[in-house]
Structure formats: structure tokens, C-alpha cells
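Visitor: take this sequence and fold it.
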Amino acid sequence: MDRMELGWAPAFELALSTLDDTELHAARVFSSEREHYRVLTREGRAYEAELSGKLRRDAALGGLPVVGDWVAARLLPNEQRAVVAACLPRQTALVRKRVDRASAPQVMAANLDLVYVVSALDHDFNPRRIERALSLVWESGAQPVLVLSKLDVCPDPAPYLEAAREVALGVDVHVLSAQTGAGVEPAFAALRLGVTAALIGMSGVGKSTLVNRLLGHEQQRTAAVRESDERGRHTTTRRELFVLENGALLVDTPGMRELGMFDGEDGLQTAFEDVARLASTCRFGDCRHGSEPGCALHAAIARGELAEERLRSYQKLERELAHEARRHDPNAAAAFRQQTRKLGRARSMDVRRHRKR
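Guide: Predicted coordinates for the structure are as follows:
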């Protein structure tokens, strides 16, 4: 297996050459769990790896290696171990807000070409959750694909498919069953030699079963859904990259209960292209899409051209991103406070005018 098959690109070669250390070897991170890594060199040799102290100290927030990263590693002779000295610049990065910290990014996987967002065809199907996931993927720089799984237990997928297509603009949508294999081949036709993809989705949507189907053997542990609420049990506990038979690379990620937005204005605008396009035609450039006259979004809702739930979802994600921006950018926080004071004064004037009538 050479580097091209592992997803190598000229940009990584250039970054490696700038390190000016001939003892460093390019390797790709294939698994990570609590800063314990397994990396694969361009010759296809696997090494257990740890981070150098300098990398730990100097890495910026979110800068430690993750699955999919290309790293520069020093191979320890006769030990089958390596020390990662540097993480090469990423071409794409799938980032969410950490669940266990108030405001910090968590890079889920790096250098992805495709990200398959998996949602089950059951009572847990949620268009708002799909919108959020697609926004994250668009922001990462990868191409999203929406997969609706568990076709084998869904007698009528048509309503789910219609709802999914309404929110997955510019995204291929596929219906499949990982259990029977129905629909799997067309959904993953883009997976080919050297392409790196990831599966993301909430716990219990069947990602591990899908990985096993794509690998052609039982690699990931799976568990049956609970009868009480039809939710699947969380079985994948670490991120891991697998090489498929055709040379494609696939990252499986642990199931999630939350996909917090950290930074994703561009991804949000792409995922909600219909909302953004309509908003640009509002009468006022600073329209907040509330009770302002000439709001194109509310006019579209009245005409039945836009679902009110979609606008609410867009505004919720906008508020979330604005909140994160204020936490990290003092200028954004100051501007928000100034805007809030202006709105407060305007409301007070409206109240006073109303009382004088």
C-alpha cells in the first residue's frame, strides 16, 4: 500500500518537507483513544504511537492528531512504536463543540472527502438533527451524503424520504438496509481507491452494522435495539479508520447524543441555502425575521414555500454560532451588547409611545 492509496496529497508532501528532519516519516492515524494512537506508514507498516511532549505543549486548541490526520513520526527501531512529532496541516476537519466542556472544539476526524450522515427510518428520525449534521459537514470542507438506514424495519420509507429531501439541499439521499444489503451499493458507489469517508450519526442508527456490511466481515460489535424505545445501544467506543476491499478508507465514529455547533457560518449558509437566498431579498438588510415589514422569509412561509420549522431551526443554529463567537471574540461580544442596548432602548420608546396614546 502506498501513500496515494492512503489518501496522500501533494500538500502533505510540501508540509513534511518544511519540517527539515529527514528522520521523520509520514504516517496516517488509523485509530485514537485517549491519546493512544495507531499509525500506518506509506509502506503499510503499523505502529503504536504516542505524542511527543513538545507536540502536546505547543498544539493549539483542537490541534492534537485525530483519526484521518497525516502526521510526521519518528519510528523507534526494533520496538514497533513511534513518536508523533507533528500533525501536518489538514485539508478538511469535521469539528463539533465538546459535550464535556462549555466551549471547546472537538475534531472528530480529519482529511475526509465524504461524510455519510446516517439517520434511521424509525420514530427517532429528526429533520432538525439532519440539518445540524449537514451544516457541520459542509463547514468541514467535505461533501455530505445522507443515508436513511433500517429500511428492513420500515414498511413505508416515502414520508421519511420526502422530509429528508426537503432539508438536504444539494445532497444525495439514499435509503438502505445494512442488515439485508438493499441500497448499500448505490449509496456508497463514490467510495473508491484513496477516497476517505466517515460515518456520523446518533447512537443506534446502525453505523457499526453498516461498517461490517461494507467491510464484508464482522469487525464492529453491534447490539440489538431496546424494545422499550427502539433505540440502539451505543457499541462503538473509539474512532477508527478501516481500509475497504477496493482501497477506500472509512472512518467509523462513536454514536452521539448531541452535535453542538462550534464554528460553522459558511456551513450553515450552505445547508440552509434556501433560507439564506430568501433572506437576502428582505426589505431591510438587517432584518431579524421577526415582525419586521417586508420580511421575505415570513412571506414565503405564508405562501407555503418555506416550512416555519426550518426557519426556526436556522435561527436556532445562528444563535448558537453567535454565542460561540461571543465567547471567543471580545469584539463580537461588545457588538452584541451594543446591539442589545439599542434594541432595549427601541422597545422602551415603543412602550412609552404606546402609553401616551
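Visitor: quick one: the helices in the stretch 151-300 of the chain?
Guide: 158-167, 184-187, 207-215, 265-271, 273-279, 296-302 (DSSP state H, counting those that start in this stretch).
Visitor: who's in contact with Asp21?
Guide: Neighbouring residues of Asp21 by CB atoms under 8 Å, 6 or more residues apart in numbering: Ala72, Ala85. Using the backbone N, CA and C atoms, a C-beta is placed for each residue, glycine as well.
Visitor: where does it sit: helix, strand or coil?
Guide: coil (DSSP: H, G, I helix; E, B strand; the rest coil).
Visitor: ok, back up a step: which one, of the helices of the stretch 151-300 of the chain, ends up nearest to Val67?
Guide: helix 207-215 (13.4 Å; CB to CB).
Visitor: so the closest residue to Ala46 other than its chain neighbours, which of the three states?
Guide: Of all residues beyond its chain neighbours, the one nearest Ala46 is Leu40 (5.4 Å), with distances taken as CB to CB, 6 or more residues apart in numbering. Following three-state DSSP, the label given to Leu40 is strand.
Visitor: neighbours around Leu40, how many?
Guide: Applying other CB atoms under 10 Å, we find 18 residues neighbouring Leu40.
Visitor: next: Pro155.
Guide: Neighbours of Pro155 under the rule other CB under 10 Å: 6.
Visitor: average pLDDT for the helix or strand hosting Arg129?
Guide: Using DSSP states H and E, Arg129 sits within helix 127-140. Throughout helix 127-140, pLDDT has a mean value of 94.
Visitor: which other helices and strands contact it?
Guide: strand 93-97, strand 114-120, strand 143-149, helix 158-167, strand 196-201, helix 265-271, helix 308-328 (3 or more CB pairs under 8 Å, 6 or more residues apart in numbering; DSSP states H and E).
Visitor: how about residues contacting the fourth one?
Guide: Going back to what we said before, that points to helix 158-167. So helix 158-167 is in contact with 119, 121, 125, 127, 130-131, 134, 146, 148, 154, 173, 175, 307, 310, going by CB under 8 Å, 6+ apart.
Visitor: which ones are touching the nearest residue to Leu121 once chain neighbours are set aside?
Guide: Spatially, and ignoring its direct neighbours in sequence, Leu121 is nearest to Cys154 (3.8 Å; CB to CB, 6+ apart). Applying CB under 8 Å, 6+ apart to Cys154 gives the contacts Leu121, Asp122, Tyr160.
Visitor: then Asp124 would be within a helix, right?
Guide: No: counting by three-state DSSP, Asp124 is not part of a helix but coil.
Visitor: mind checking how far it is from Pro155?
Guide: 16 Å (CB to CB, to the nearest Å).
Visitor: re earlier: how about the helices of the stretch 151-300 of the chain in a markdown table, adding distance to Leu55 and mean neighbour count?
Guide: A markdown table is the format used below for the helices of the stretch 151-300 of the chain (distance: least, CB to CB, whole Å; neighbours: other CB atoms under 10 Å):
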| stretch | distance to Leu55 | mean neighbour count |
| --- | --- | --- |
| helix 158-167 | 40 | 15 |
| helix 184-187 | 38 | 16 |
| helix 207-215 | 30 | 22 |
| helix 265-271 | 28 | 20 |
| helix 273-279 | 39 | 17 |
| helix 296-302 | 47 | 18 |
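Visitor: perfect, that will be all.
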